[in-house]
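Asks: task: produce atomic coordinates for the following.
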Amino acid sequence: MVPGAEPANIVISSAIMVHMSDPTFFLEFLGSMTKRLLFIYSAFEDTDVFRVTYEGPRLHHDAKAKFPLCFSGRTMISTSLFHFAMNELGFTRVIEAPQLVRLPPEPYRAYIAIKD
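Replies: Reported below is the predicted structural model:
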């Protein structure tokens, strides 16, 4: 939790997870802050394998960052890991949002996860 932050009905995470060195903890945080609906836009790898993929250390941000914070650019999780995480965190429905406007190319996707 973030001190002073209260869970909200709607939580939005747009291109944040790609900068996380451990996206599983970030997903847990998002789940704990979401009462009803989570919108997440990030990079995903379409595979049935539970996987976290890193582009490489220190490629985009702090050149002096120490491990594991040195992974801060284009961190990606597999779609299967994402769906598993959403289920574990109490989301009952996950919908891939259609791309209505030109956004960065694959592997970026948008999902809406709902807690009933």
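
Asks: next one: the longest strand along the chain to chain centre, how far?
Replies: Assignment by DSSP state E gives strand 34-45 as the longest strand of the chain. Centroid separation for strand 34-45 versus its chain: 6 Å, with CA atoms, centre = their mean, to the nearest Å.

Asks: centroid residue for the chain?
Replies: residue 17 (4.3 Å; CA atoms, centre = their mean).

Asks: nearest residue to that one other than its sequence neighbours?
Replies: For residue 17, ignoring the flanking residues on the chain, the nearest one in space by CB to CB, 6 or more residues apart in numbering is residue 42 at 4.2 Å. C-beta coordinates here come from the backbone N, C-alpha and C atoms, glycine included.

Asks: which SS class is the residue of the chain most remote from its centre?
Replies: Going by CA atoms, centre = their mean, the residue of the chain most distant from its centre is residue 64, 24.4 Å out. Under the three-state scheme (DSSP: H, G, I helix; E, B strand; the rest coil), residue 64 adopts coil.

Asks: with residue 30 instead?
Replies: helix.

Asks: wait, it touches residue 42, no?
Replies: No. Using CB atoms under 8 Å, residue 30 is not in contact with residue 42, being 10.6 Å away.

Asks: quick one, helices of this structure?
Replies: With DSSP state H as the criterion, the chain has helices at 23-33, 79-88.

Asks: could you list the low-pLDDT ranges of this protein?
Replies: 1, 61, 103-105 (pLDDT under 70).

Asks: thinking again about what came up before, redo the helices of the chain as CSV? Include distance to residue 101 and mean neighbour count.
Replies: As requested, the helices of the chain are exported to CSV (distance: least, CB to CB, whole Å; neighbours: other CB atoms under 10 Å):
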stretch, distance to residue 101, mean neighbour count
helix 23-33, 23, 18
helix 79-88, 21, 17
